[in-house]
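Undergrad: give me coordinates for this.
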Amino acid sequence: DLEVNVNVQKMADATCSSLTHRDVGLLKFILFAGMYPRIGVPNEGNASRRESEARYNTRYCTGATLHPTSVLNATDNAPAPGEALAFMELLETSKVFLCNLVRAPALHILLLVAHRIDTDLTVSQILVDKWLLFTVDKVDELHQLLAAAAKLRGAVSDALARSLRRSSQPAAASIGFVGEGKGADLSAEQLASLPQCMHAIAEIGSGRAHESNDQLGLAISAFLEKPLEYSYRELNSASVASMMENFEDTSTKRSGIKVAPWLFYASLKDPNKSKSKVSRWDTHGITRRAWTCPQCAQELMVTKSEVTSHLMTCEANSKVETSADSQNAEQKESDEKHITS
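TA: Below is the predicted model of the structure:
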């Protein structure tokens, strides 16, 4: 049946042909889009482990390892610290293994496939699907990356709709890609309050330029290779609650401005504001809330009175450390003078 219905020789020739740069980038994107949210990121403790003992965290479990048959186990092919892994399945035997993997830069690929992205007021921090918090020092470059991601998401959605229309699919008119759709309905006042990068993203939905499939593939490949330094960390539900300006466990209600179906601006707390500010505690001060200490950076679940006590302890410890450092500096200076004399 295979030989009758399929040109086996043509299939073999296509399989043996070399993939172009465009093909590789486009395939990575398609695989990530299809397998999301089955994503793994390197564990923070990997820096102190051998490459063969590296661990990866997913949204469902922590401490998973690469399957022994994976080509990524090779020393010269190991995933970089800033790369995310899309996996087909989790296999649990004596350990939990990630199987059938593809890798890509974490921030870049998640900007293309994530269901929901929240930013702070300065757009220097990005929260991906209430799980991974990315921080970027070069804010201008992040703004450019966000705008490019928005254009690509729109172009992919348009290309998919055109393809379905050609194949006479009745749902083609309403199809969208990963939270894509028409641009958000914003008032003139909201548009005026947006920074330039967000303003551009809000206008993308009203007039997108169509790109050929070849151009789109090249654009995606170029996007995944844009150089940008960033750091990220995983957040638990308590940390997410402390980051959100108007977070509610029982709903998806958030503050901020809905710039696109997948993008919320200023829904995260401004990192420049004092993290020690405690609000919305009950009048008796017995409710525990997520809070981050501005002195020691610990994330705690505390009551209002415990915040005051913790701050006093941290400030006392800080004074002791400052005094000790001063004494050490004076002793070192005295020793150096004694040696010189």
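Undergrad: contacts and neighbour counts: CA atoms only from here.
TA: OK.
Undergrad: and Gly40, which helix or strand is it part of?
TA: Following DSSP states H and E, one finds Gly40 within strand 39-42.
Undergrad: give the pairing partners of that strand; include direction for each.
TA: strand 56-58 (antiparallel), strand 83-92 (antiparallel) (DSSP bridges).
Undergrad: contacts for that strand next, please.
TA: Contacts of strand 39-42 with the rest of the structure, by C-alpha atoms under 8 Å, 6 or more residues apart in numbering, involve 54-59, 81-87, 106.
Undergrad: swap in 6 Å and give it another go.
TA: 56-58, 84-86 (C-alpha atoms under 6 Å, 6 or more residues apart in numbering).
Undergrad: what does stretch 139-156 give?
TA: Under C-alpha under 6 Å, 6+ apart, the answer for stretch 139-156 is 112, 124, 197, 201.
Undergrad: how close does the first one sit to Val96?
TA: In other words, Leu112. Taking C-alpha to C-alpha, to the nearest Å as the measure, Leu112 falls 27 Å from Val96.
Undergrad: who has more neighbours out of these two?
TA: Neighbour totals were compared for Leu112 and Val96, and Leu112 leads with 25 against 18 (other C-alpha atoms under 10 Å).
Undergrad: still on that earlier bit, among the strands paired with strand 39-42, which is the most enclosed?
TA: Highest mean neighbour count of the strands paired with strand 39-42: strand 56-58, a mean of 22 (counted as mean count of other C-alpha atoms under 10 Å).
Undergrad: just checking: what are the partner strands of the next helix or strand after that one?
TA: The first helix or strand that comes after strand 56-58 along the chain, using DSSP H and E, is strand 65-66. Strand 65-66 has the following strand partners under DSSP bridges: strand 96-105 (parallel).
Undergrad: work out the gap between the strand it pairs with and the centre of the chain.
TA: 17 Å (C-alpha atoms, centre = their mean, to the nearest Å).
Undergrad: let's see the very next helix or strand once past that strand as CSV, backbone CA atoms only.
TA: Downstream of strand 96-105, the first helix or strand assigned by DSSP H and E is helix 106-113. What follows is helix 106-113, C-alpha atoms only, in CSV (Å, rounded to 0.1, in the frame of the first residue of the first chain):
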residue,chain,number,x,y,z
ALA,A,106,13.9,30.4,26.4
LEU,A,107,12.8,34.0,26.2
HIS,A,108,12.6,34.2,22.4
ILE,A,109,10.6,31.1,21.9
LEU,A,110,8.2,31.7,24.8
LEU,A,111,7.4,35.2,23.5
LEU,A,112,6.1,33.4,20.4
VAL,A,113,4.2,30.5,22.0
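Undergrad: got a list of contacts for helix 106-113?
TA: Counting by C-alpha under 6 Å, 6+ apart, 33, 83-84, 149, 224 sit against helix 106-113.
Undergrad: mind running it again at 8 Å?
TA: Counting by C-alpha under 8 Å, 6+ apart, 29, 32-33, 36, 41, 82-84, 117, 128, 134, 145-146, 149-150, 152-153, 178, 223-224, 230 sit against helix 106-113.
Undergrad: equivalent analysis for stretch 67-84, please.
TA: Residues contacting stretch 67-84 (C-alpha under 8 Å, 6+ apart): 39-42, 51-52, 66, 97-101, 103-106, 230-231.
Undergrad: ok, of the contacts of stretch 139-156, which come out buried?
TA: Among those, those buried by neighbour count (16 or more other C-alpha atoms under 10 Å) are 112, 124, 197, 201.
Undergrad: any idea how far the closest residue in space to His199 that isn't next to it in sequence lies from Ala104?
TA: Leaving aside its chain neighbours, His199 sits nearest to Leu191 (6.4 Å; criterion: C-alpha to C-alpha, 6 or more residues apart in numbering). Using C-alpha to C-alpha, we find Leu191 at a distance of 33 Å from Ala104.
Undergrad: and the pLDDT for Val96?
TA: pLDDT, Val96: 93.
Undergrad: quick one: the strands in this protein?
TA: 39-42, 56-58, 65-66, 83-92, 96-105, 117-119, 125-128, 132-135, 231-234, 257-260, 263-265, 289-292, 299-302 (DSSP state E).
Undergrad: identify whichever of the ones you listed lies nearest to Ala159.
TA: strand 257-260 (18.5 Å; C-alpha to C-alpha).
Undergrad: hey, C-alpha coordinates of that closest one in PDB?
TA: Taking Å, rounded to 0.1, in the frame of the first residue of the first chain, the C-alpha atoms of strand 257-260 are listed here in PDB:
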ATOM      1  CA  ILE A 257      -3.800  47.300  30.100                       C
ATOM      2  CA  LYS A 258      -4.600  44.500  27.700                       C
ATOM      3  CA  VAL A 259      -2.400  45.500  24.700                       C
ATOM      4  CA  ALA A 260      -3.000  42.200  22.800                       C
END
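Undergrad: low-confidence ranges, this protein, go.
TA: 1-3, 168-185, 205-212, 245-255, 270-290, 299, 319-341 (pLDDT under 70).
Undergrad: tell me where it has helices.
TA: Counting by DSSP state H, the chain has helices at residues 2-5, 8-16, 21-35, 106-113, 139-166, 188-193, 196-204, 213-224, 237-243, 304-340.
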